[in-house]
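Enquirer: Mind looking at a prediction? Sequence and model below.
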Amino acid sequence: MDKKQTLLKQYFGYDEFREGQETLINSILNGTDTLGIMPTGAGKSICFQIPALMFEGVTIVISPLISLMKDQVSALNQAGIHAAFLNSSLTANQYRLALQYTKEGRYKIIYVAPERLVTEDFLEFALNADIAMVSIDEAHCVSQWGQDFRPSYLKIMEFIDKLPKRPVISAFTATATKEVKNDIIDILRLKQPTVVFTGFDRKNLSFAVQTPNDKYETVHKYIVDNIDQSGIIYCLTRKIVEEVCAKLKAEGVPVTRYHAGLSDAERVKNQEDFIYDRKPIMVATNAFGMGIDKSNVRFVIHYNMPKNIESYYQEAGRAGRDGEPSECILLYGGQDVVTNQFFIDNNNDNEELDSETLRLVKERDRDRLKKMTFYCFTNECLRDYILRYFGEYGSNYCGNCSNCLTQFEEMDVTDIAIHLLGCIQSSKQRYGMGVIIDTVHGNDLAKLKKYRMNENEHFGSLAHVSVFILRQVLNHLVLKEYLYLTNEEFSLVKLTNNALDILEGDHTVIMKLAKKQEKVAKEKKVKKSAKGRKDKDYGVIDEGLFELLRNLRSEIAKEEKVPPYIVFSDKTLIELCQAKPVTEEAMLAVSGVGKFKLDKYGERFIGVIKLNNY
């Protein structure tokens with residue numbers, strides 16, 4: 001066993017590397033700039049932490065959020081690796097001591113906020129330190145075309161250029177389109193980098209889109225059915241967060257909230273209540289979550305549709321970081337599109353950009369919003385839709401999303417398409433989707449009379465077809481490129497050349513529509529009974545032992561003042577239930593149990609397992 005594998009087992013408790021990890025580690029150790037694009041939960045941090053332990057000098061990890069730094073540093077210290085973070089949450093004395101200890105060689109890894117890189121005191125330290133590597137976490141933040149562009153990330157190269165010698169540069173992200181990947185390489189000036197892309201697919205996650213009449217009732221029922229699980233409910237606005245949280249709290253649900261309108265102290269407290277499982281349900285805006293490594297989040301519900309696929313996949317990906325089956329549910333409502341459009345049009349986050357660049361950014365954001373909306377209406381495999389967005393192509397059937405588990409029938413919708421396209425053509429392509437649907441459906445609306453669309457030859461021609469079906473067909477025509485939407489503040493629907501084939505009767509339009517009231521029963525990935533827990537990988541697990549081990553983990557977490565999942569993940573507890581080790585050697589063979597944690601906790605866990613066996 002070579003040194004990097006020894007470190008993997010000793011500190012992280014794993015016997016072998018996951019896909020892509022060893023290639024990335026070897027590249028860094030060879031002194032080559034490196035870019036890793038790996039899905040959430042794939043183990044990106046190990047790829048820079050192991051080389052950091054093997055290098056002679058210090059590794060600086062640039063991270064965008066205080067919560068992310070605290071989480072990763074806590075996990076490292078818990079595993080027996082001395083690390084520290086430098087950010088605004090430290091007092092002046094704490095900051096000074098952290099720098100001093102790093103100079104003395106006590107810390108091999110320090111996490112730094114990008115804003116702090118070019119401050120006088122940090123530069124003084126950096127110019128006199130042996131910096132072996134600079135690793136950029138959440139590297140997509142460097143790109144203005146990424147969903148989380150942070151101007152502070154542009155300070156990274158200014159900092160590196162000031163160093164007496166150029167360190168190895170490594171960068172990692174979970175979500176990057178081709179354009180963002182190229183931006184990362186160019187802006188960080190990576191020299192002939194090793195680029196490892198392990199794919200975006202998270203097979204343990206199931207995906208579903210629902211359009212309920214009562215979103216709150218849908219959420220409440222789901223939580224009641226899964227009351228012992230931890231999850232996140234994402235909402236578009238602070239107001240919705242407050243409403244949903246208050247209702248759940250009144251129902252006795254252990255819930256907390258997070259949004260930018262709360263004080264710093266309350267946000268910190270609420271986040272810790274969630275991470276420490278004191279309040280296992282979090283209702284939040286997208287201000288919450290980046291860098292949260294909580295491994296036992298079993299579901300993520302989007303109460304509203306987010307603004308783009310990147311944000312959705314990143315937020316949904318906070319479920320199931322431990323590899324266990326988890327659910328990602330999006331609750332769609334038409335108002336979600338309007339709210340997101342408002343946010344795009346009134347976005348002031350990039351005020352430092354010139355007017356032309358800002359116009360391009362907003363145009364790009366509108367295009368992303370359209371693709372997010374299409375996700376909510378597609379009848380194709382949801383997983384495949386997401387993967388295709390990021391440039392991956394699958395079989396269009398995953399067997400683990402709401403579309404793949406719904407029975408569909410193919411229908412000829414040519415006649416509906418002809419009326420929709422004819423309405424668009426006869427109105428000189430001047431209106432958006434809403435006006436076209438209202439017109440063909442024959443709705444008695446003041447705006448239609450104002451536009452004189454009530455006089456259009458297609459007015460009321462599809463009154464017998466539900467608005468839901470009309471919207472599905474119109475979205476299908478956009479998806480299949482018979483139509484396109486402009487990227488203006490109010491998107492107009494336009495005909496493509498392909499549309500003429502339908503209007504002239506030369507093309508038939510076939511699409512899949514869900515059969516009414518016919519659903520294929522979805523087998524639950526984890527079932528519970530009085531006898532035990534059934535897990536997809538491990539068979540029937542002793543539920544009583546699992547709860548005993550979980551209680552012990554909570555007890556240790558309180559003693560150590562760390563989140564329970566940092567002691568051991570749910571996955572490790574399940575393996576302990578399966579293996580039931582009663583010796584240190586047997587416990588060390590369990591995935592997630594390293595030498596440091598074995599020495600620290602092994603005796604207590606083995607004691608519980610022995611008692612349970614008798």
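Expert: Perfect, thanks for sending it. Numbers count the residues shown, from 1 in each chain.
Enquirer: contacts, neighbours, all on C-alpha from now
Expert: Will do.
Enquirer: For the one helix or strand Leu573 maps to, enumerate the helices and strands it packs against.
Expert: Assigning secondary structure by DSSP states H and E places Leu573 in helix 570-579. Packing contacts for helix 570-579, counted by 3 or more CA pairs under 8 Å, 6 or more residues apart in numbering; DSSP states H and E, involve strand 539-541, helix 543-560.
Enquirer: and the angle for it with helix 543-560?
Expert: Orientation of helix 570-579 against helix 543-560 (axes from the mean of the first three to the mean of the last three CA atoms, to 10 degrees) gives an angle of 130 degrees.
Enquirer: which residues touch helix 570-579?
Expert: Applying CA atoms under 8 Å, 6 or more residues apart in numbering, the external contacts of helix 570-579 come out as 295-296, 322-324, 538, 541-542, 545-546, 549-550, 587, 590-593.
Enquirer: quick one: buried residues of that helix?
Expert: Using 16 or more other CA atoms under 10 Å as the burial criterion, the residues of helix 570-579 that qualify are 570-578.
Enquirer: Kindly report the same for stretch 263-281.
Expert: Those would be 267, 270-277, 279-281, for stretch 263-281 by 16+ other CA under 10 Å.
Enquirer: So what's the model's average confidence on it?
Expert: Taken as a whole, stretch 263-281 carries a mean pLDDT of 91.
Enquirer: next one: it to chain centre, how far?
Expert: Put simply, stretch 263-281 sits 19 Å off its chain's centre (CA atoms, centre = their mean, to the nearest Å).
Enquirer: Nearest the geometric middle of this protein, what residue?
Expert: Gln314 (1.8 Å; CA atoms, centre = their mean).
Enquirer: Check it and give its pLDDT.
Expert: Per-residue pLDDT puts Gln314 at 87.
Enquirer: Can you show me the CA trace of stretch 225-233 as CSV?
Expert: The C-alpha coordinates for stretch 225-233 follow below in CSV (Å, rounded to 0.1, in the frame of the first residue of the first chain):
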residue,chain,number,x,y,z
ASP,A,225,-44.6,10.3,6.0
ASN,A,226,-40.8,10.8,6.5
ILE,A,227,-40.8,12.3,9.9
ASP,A,228,-37.5,10.6,11.0
GLN,A,229,-35.6,12.0,8.1
SER,A,230,-33.6,15.2,7.6
GLY,A,231,-34.4,17.4,4.6
ILE,A,232,-34.3,20.9,3.0
ILE,A,233,-37.2,22.8,1.5
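Enquirer: I am assuming the residue nearest to the centre of the chain contacts Thr173, so please confirm or correct that.
Expert: No: using CA atoms under 8 Å as the test, Gln314 is too far from Thr173 to be in contact (10.3 Å).
Enquirer: Is Phe207 located within a strand, as I assumed?
Expert: Yes: assessed by DSSP: H, G, I helix; E, B strand; the rest coil, Phe207 belongs to a strand.
Enquirer: Can you add secondary structure and give the buried residues of stretch 263-281 back as JSON lines?
Expert: Output for the buried residues of stretch 263-281, formatted as JSON lines (three-state DSSP):
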{"residue": "Arg267", "secondary structure": "helix"}
{"residue": "Asn270", "secondary structure": "helix"}
{"residue": "Gln271", "secondary structure": "helix"}
{"residue": "Glu272", "secondary structure": "helix"}
{"residue": "Asp273", "secondary structure": "helix"}
{"residue": "Phe274", "secondary structure": "helix"}
{"residue": "Ile275", "secondary structure": "helix"}
{"residue": "Tyr276", "secondary structure": "coil"}
{"residue": "Asp277", "secondary structure": "coil"}
{"residue": "Lys279", "secondary structure": "coil"}
{"residue": "Pro280", "secondary structure": "coil"}
{"residue": "Ile281", "secondary structure": "strand"}
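Enquirer: Format those as CSV; extra columns: distance to Glu504.
Expert: Below are the buried residues of stretch 263-281 laid out as CSV (distance: CA to CA, whole Å):
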residue, distance to Glu504
Arg267, 59
Asn270, 60
Gln271, 59
Glu272, 62
Asp273, 62
Phe274, 59
Ile275, 60
Tyr276, 63
Asp277, 62
Lys279, 60
Pro280, 58
Ile281, 55
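Enquirer: ok so, going back, could the helices and strands packed on helix 570-579 go into a markdown table alongside distance to Arg257, mean pLDDT and mean neighbour count?
Expert: Putting the helices and strands packed on helix 570-579 into a markdown table (distance: least, CA to CA, whole Å; pLDDT from 0 to 100; neighbours: other CA atoms under 10 Å) gives the following:
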| stretch | distance to Arg257 | mean pLDDT | mean neighbour count |
| --- | --- | --- | --- |
| strand 539-541 | 33 | 63 | 16 |
| helix 543-560 | 22 | 90 | 17 |
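Enquirer: Tell me which of those sits nearest to Gln49.
Expert: Minimum separation from Gln49 across the helices and strands packed on helix 570-579 (CA to CA) falls at helix 543-560, 22.3 Å.
Enquirer: and the residue nearest to the centre of the chain, that's in a helix?
Expert: Yes: membership of Gln314 in a helix is supported by three-state DSSP.
Enquirer: next helix or strand past the strand or helix carrying Gly422?
Expert: Gly422 belongs to helix 414-426 when elements are defined using DSSP H and E. Next helix or strand after helix 414-426 toward the C-terminus (DSSP H and E): helix 433-441.
Enquirer: still on that earlier bit, compute the inter-axis angle for the helix holding Gly422 and helix 433-441.
Expert: Computed with the same axes, to 10 degrees, the direction of helix 414-426 lies at 120 degrees from that of helix 433-441.
Enquirer: List the buried residues of helix 414-426.
Expert: Going by neighbour count (16+ other CA under 10 Å), the buried part of helix 414-426 is 414, 416-425.
Enquirer: who does it touch, helix- and strand-wise?
Expert: Packed next to helix 414-426, using 3+ CA pairs under 8 Å, 6+ apart, are helix 433-441, helix 467-479, strand 493-495, helix 497-503.
Enquirer: pLDDT (mean, whole number) over the helix or strand just after the longest one?
Expert: Using DSSP H and E, the helix or strand that follows helix 467-479 towards the C-terminus is strand 483-485. Over the span of strand 483-485, the pLDDT mean works out to 88.
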